[in-house]
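*Asks:* just coords:
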């Protein structure tokens with residue numbers, strides 16, 4: 001049968017047109033506008049004066065920008081790789097279960113992921129609050145001094161990182177479970193016949209075959225944690241927010257508190273470029289490691 005190529009292309013364009021229009025409206029246009037705004041001395045809403053790269057030149061001398069940058073890097077180090085290995089360990093433990101027990105345990109680990117951040121904040125503020133937190137009463141029972149977890153710079157980021165891993169690892173667990181179930185059981189049976197230990201089986205069979213999923217989880221976690229804001233903002237209330245700044249929190253302060261749209265846009269552009277560059281590097285390293293295996 002003869003194919004009407006022009007008609008097929010027309011139908012294809014019509015089908016993708018709504019997606020392209022929405023994508024351009026809610027992502028492409030705001031991104032382009034953000035780039036133009038970053039070269040202006042302007043409020044968040046309204047016209048401003050063109051200042052060239054002045055907003056970018058200020059960043060290296062901005063102490064709070066340096067604090068936000070290093071706090072973000074510290075938070076990424078505390079969450080991305082540890083959270084990935086925690087999810088991997090949980091998924092491997094869940095695969096050893098079966099039936100309703102497996103479904104129940106998996107649901108318990110995935111449940112935090114569907115909770116809104118406000119509920120997560122209430123749960124852990126109730127547990128770790130310096131004045132009335134349950135954990136503080138436990139310390140009192142053992143005669144230990146209470147720890148102001150969310151009020152001190154030393155404990156703040158590790159505590160928020162712990163809460164974030166607890167909150168977000170459920171999705172990573174599902175990804176690892178999908179990868180584990182895709183591994184043919186015949187490979188494990190053949191390894192068992194050779195009396196291969198569990199560690200060698202994991203090192204030479206499971207880990208290499210799971211590497212693409214691991215790379216995907218690392219990339220997703222990198223992007224998510226570089227954009228950390230909600231938990232830091234909520235847990236900083238009543239504490240020392242300027243010491244706990246992360247990149248998105250600093251953008252929020254510049255844009256919505258100080259009404260400095262141009263300077264906020266410059267920081268947002270830097271973060272945008274960081275996310276793209278780090279994601280591409282991580283993806284390429286993942287592909288390179290996969291080829292070597």
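*Replies:* Alright, I've got the coordinates. What you see is a predicted model; the values in this text were computed from it and never measured.

*Asks:* sec struct for residue 157, please.
*Replies:* Per DSSP: H, G, I helix; E, B strand; the rest coil, the secondary structure class of residue 157 is helix.

*Asks:* and it, what pLDDT?
*Replies:* Residue 157 carries a pLDDT value of 92.

*Asks:* Equivalent analysis for residue 2, please.
*Replies:* According to the prediction, residue 2 has pLDDT 49.

*Asks:* Equivalent analysis for residue 5, please.
*Replies:* Confidence score, pLDDT, at residue 5: 78.

*Asks:* how close does it get to residue 88?
*Replies:* The gap separating residue 5 from residue 88 is 47 Å, by Cβ to Cβ, to the nearest Å. C-beta coordinates here come from the backbone N, C-alpha and C atoms, glycine included.

*Asks:* Show me which of the two is the more surrounded one.
*Replies:* With other Cβ atoms under 10 Å as the criterion, residue 5 and residue 88 differ in neighbour count, and residue 88 comes out ahead with 24 against 8.

*Asks:* Show me what the worst-scoring helix or strand of the chain on mean pLDDT is packed up against.
*Replies:* Taking mean pLDDT, DSSP states H and E as the measure, the helices and strands of the chain show their lowest mean at helix 185-193, namely a mean of 78. Secondary-structure packing of helix 185-193 (3 or more Cβ pairs under 8 Å, 6 or more residues apart in numbering; DSSP states H and E): helix 198-201.

*Asks:* Tell me where this structure has helices.
*Replies:* Read by DSSP state H, the chain holds these helices, from start to end of the chain: 5-23, 29-37, 54-58, 63-95, 99-110, 117-128, 134-141, 153-181, 185-193, 198-201, 207-226, 230-235, 247-252, 261-292.

*Asks:* which residues of the stretch 101-250 of the chain score low on pLDDT?
*Replies:* 238-241 (pLDDT under 70).
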